[in-house]
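# Here is the input, now give the coordinates:
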Amino acid sequence: MKTLEDQMSFYAAYHQDARNKATHFVGVPLIAFSLMIPLGWLRADLGGFPLSAALLVTAALLVYYLVLDIALGLAMGIVFALMLWGAEPLSQAALGASAAWFLALFVGGWALQLWGHVYEGRKPALVDNLFQVFVAPIFLAAEVFFALGYKPRLHEAVQRRAREMRAQAGAGAAPGGLKSA
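Modelled structure (predicted):
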C-alpha cells in the first residue's frame, strides 16, 4: 500500500491552482455525499440495527484513512458521520425525490471539479489513476490541516514531490499554486 505522502503527492501534482482547489472543496464533498444516497437504498436489518451499504462503504474508506494517518482519519470520521446523518433521510425519501437529489448533487459535484481543472490546465488525477477518487477527500482534509499549521513536514514533502512530478510531466507550476511551506 502506498503511503499517505505518496497518495497525496500524486494528487497534489494535479491540484495546485487555488481556484481548482476551491471547486474541489465543494465538488468532492458533494460527490461523496451524493453517493451515500443510493448506497443508503441498499440496507438490511441486523438484530434491530439498520445497516446500509452507505455505512459499510464509508466505514471501509474510513479504515483506509485511519491506516494512512490517525489524525486525518479521525477528522474524516467526523465529516463522514455528518454526511451519513444528512444522507440518511434523503436515501429513505420517495425514490423519485431521492434519485433527483443524488443526480443533482453528483452531476453538480463533477461539473464543479471539471470546471476547476480548466483553471488548472491539467486533466483530473483520476484519468491517470482511478484510485485517486478515494484520495480526494483525505487530501482536502490535509489541506485544511496544512492551512491551520498542522503537519508541516507532510505539507513540505507533498509539495516538493508534487513539484517534481509536475516538472517530469512538463506541467510546470500552475497559477496560484506550488508554494513551499
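# going forward, measure contacts between C-alpha atoms and count neighbours the same way
Noted.
# Check this structure for its longest helix and report it.
Longest helix of the chain, by residue count under DSSP state H: helix 95-120.
# Which parts of the chain are helices?
4-12, 18-41, 53-68, 70-91, 95-120, 132-147, 152-169.
# Quick check: buried residues in the longest helix of the chain?
Applying a neighbour-count criterion of 16 or more other Cα atoms under 10 Å, the buried positions in helix 95-120 are 98-99, 101-103, 105-106, 108-110, 112-117, 119-120.
# if we can go back for a sec, list just the one of the helices of the chain that sits closest to residue 126.
When these are compared by Cα to Cα, helix 132-147 sits nearest residue 126, at 5.2 Å.
# any chance of the helices of the chain in TSV, plus mean pLDDT and distance to residue 126?
Shown next, in TSV, are the helices of the chain (pLDDT from 0 to 100; distance: least, Cα to Cα, whole Å):
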stretch	mean pLDDT	distance to residue 126
helix 4-12	91	9
helix 18-41	96	13
helix 53-68	97	17
helix 70-91	98	20
helix 95-120	96	11
helix 132-147	94	5
helix 152-169	92	15
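# looking at this structure, which residue lies furthest from center?
The centre of the chain is farthest from one residue, residue 47, which by Cα atoms, centre = their mean lies 32.8 Å away.
# Now do the same contact list for it.
Residues in contact with residue 47 (Cα atoms under 8 Å, 6 or more residues apart in numbering): none are found.
# Residue 125 too?
Contacts of residue 125 (Cα under 8 Å, 6+ apart): 10, 11, 14, 132.
# go with 6 Å
Residues near residue 125 by Cα atoms under 6 Å, 6 or more residues apart in numbering: residue 14.
# Can you read off the pLDDT for it?
We note a pLDDT of 85 for residue 125 in this prediction.
# Could you tell me how far it is located from residue 113?
11 Å (Cα to Cα, to the nearest Å).
# Residue 14 and residue 83: what is the separation?
From residue 14 to residue 83 the distance is 26 Å (Cα to Cα).
# Equivalent analysis for residue 40, please.
12 Å.
# Which one of these two is surrounded by more residues?
residue 40 (22 against 19; other Cα atoms under 10 Å).
# Could you find the closest non-adjacent residue to the residue nearest in space to the middle of the chain?
Centroid-nearest residue in the chain: residue 137, 2.2 Å away (criterion: Cα atoms, centre = their mean). Spatial nearest neighbour of residue 137, excluding adjacent residues (Cα to Cα, 6 or more residues apart in numbering): residue 28 at 6.6 Å.
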